[in-house]
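Colleague: output the structure for:
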Amino acid sequence: MSVNLIDSTKYKYNLLNNVGNLVDPPRPDGKSYLTRGDYTYFHYSCDNVNDVGWGCGYRTCQSLCSWIAAQQNRQIAVPTLLDIQKILVDIGDKPKSFNGSRQWIGALEVFYIIDTLFDISCKIQHIPKGEMKRYINILRLYFEQFGGLVMMGGDVDASSKGIAGIHIADNDAYLLVIDPHFVGEASIEQLVSEGFVKWRHTSEFSDSSFYNLCLPQLTAS
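Modeller: Numbering: from 1, shown residues only. Predicted structure coming up:
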């Protein structure tokens, strides 16, 4: 399936790469397991499309696609929001009315996009309400073995986000969150100072929300 080529004229701002790399670990002790390789930070309205309030899943999907394309050394485009909608309609996941809509997408739809564009499978990991800490070892193993970029979605906490690492120290665990809800021309300093790129302790995630993770099954080179 073809998508539009990456064209800098489509983007309102210069997009930043590897935004999690400059964030210090949350604690001096313990160990961090991080995304390996390059990815681009996509966020609200970065391409002149006003997706505030509904586009966070699409932006996280774009960031994951950028990591996969970089790993494969392919010039395949990162899909636009309209591309993503068209793909989901073409494969029969969504009705035609989905094209041009403001409907959200979640972890399963991101899997469909990655599978369609790159022929790469993803593991969908469901985390029941209040059980985030029980699944930390699965995330650690993922970053240790694959080193990919992860998409996280939920129900009560419906804000899609990227996860670019995990830090484990004693009985504490932190996730490196890449939040696509930023609007404007981003700088690393602003993203960090305003909390769009930050380590979040597992206790900071909502106990009243379940979460779904999309884990691309591609090993970082």
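
Colleague: tell me how far the worst-scoring helix or strand of the chain on mean pLDDT lies from the chain's centre.
Modeller: Least confident helix or strand of the chain, by mean pLDDT, DSSP states H and E, is helix 188-193 with a mean of 94. Between the centre of helix 188-193 and the centre of its chain there are 18 Å (C-alpha atoms, centre = their mean, to the nearest Å).

Colleague: before we move on, what about stretch 180-190?
Modeller: In terms of C-alpha atoms, centre = their mean, the centre of stretch 180-190 is found 15 Å from the chain centre.

Colleague: quick one on the thing from earlier: report the buried residues of the least confident helix or strand of the chain.
Modeller: Within helix 188-193, the residues that qualify as buried are 188, 191-192, counting by 16 or more other C-beta atoms under 10 Å. C-beta here means a position set from N, CA and C on the backbone, and glycine is covered the same way.

Colleague: neighbouring contacts of stretch 82-97?
Modeller: 1, 3-4, 58, 61, 77, 79, 98-101, 103, 105, 109, 112-113, 116-117 (C-beta atoms under 8 Å, 6 or more residues apart in numbering).

Colleague: just the buried subset of those residues, written out for PyMOL, thanks.
Modeller: A single PyMOL command suffices to select whichever of the contacts of stretch 82-97 are buried according to 16+ other C-beta under 10 Å:
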select buried, resi 3+58+61+77+79+105+109+112+113+116+117
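
Colleague: what pairs with the longest strand along the chain, and is each one parallel or antiparallel?
Modeller: Counting residues, the longest strand found in the chain (DSSP state E) is strand 161-169. Applying DSSP bridges to the sheet, strand 161-169 is found paired with strand 31-34 (antiparallel), strand 150-154 (antiparallel), strand 172-178 (antiparallel).

Colleague: deepest of these, which one?
Modeller: By mean neighbour count, with neighbours taken as mean count of other C-beta atoms under 10 Å, strand 150-154 ranks first of the strands paired with strand 161-169 at a mean of 26.

Colleague: which other residues reach that one?
Modeller: Under C-beta under 8 Å, 6+ apart, the answer for strand 150-154 is 57, 60-61, 64, 106-107, 110, 139, 142, 160-164, 175, 206, 209-216.

Colleague: only alpha carbons, please: show it as CSV.
Modeller: C-alpha atoms of strand 150-154 as CSV (Å, rounded to 0.1, in the frame of the first residue of the first chain):
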residue,chain,number,x,y,z
VAL,A,150,5.8,1.3,22.5
MET,A,151,2.3,2.7,22.1
MET,A,152,0.1,2.9,25.2
GLY,A,153,-3.7,3.5,25.2
GLY,A,154,-6.4,3.1,27.8
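
Colleague: and the closest residue to Ile127 other than its chain neighbours, its phi and psi?
Modeller: Spatial nearest neighbour of Ile127, chain neighbours left out: Tyr211 (4.2 Å); criterion: C-beta to C-beta, 6 or more residues apart in numbering. Dihedral angles of Tyr211 (phi, psi; degrees, to the nearest 10) stand at phi -130, psi 150.

Colleague: you'd agree Ser121 is up against Cys214?
Modeller: No. Judged on C-beta atoms under 8 Å, Ser121 makes no contact with Cys214 at a distance of 10.7 Å.

Colleague: for this structure, give me the ranges with low pLDDT.
Modeller: 1-10 (pLDDT under 70).

Colleague: so which of the contacts of strand 150-154 are in helices?
Modeller: Among the contacts of strand 150-154, DSSP state H puts 57, 60-61, 64, 107, 110, 139, 142 in helices.
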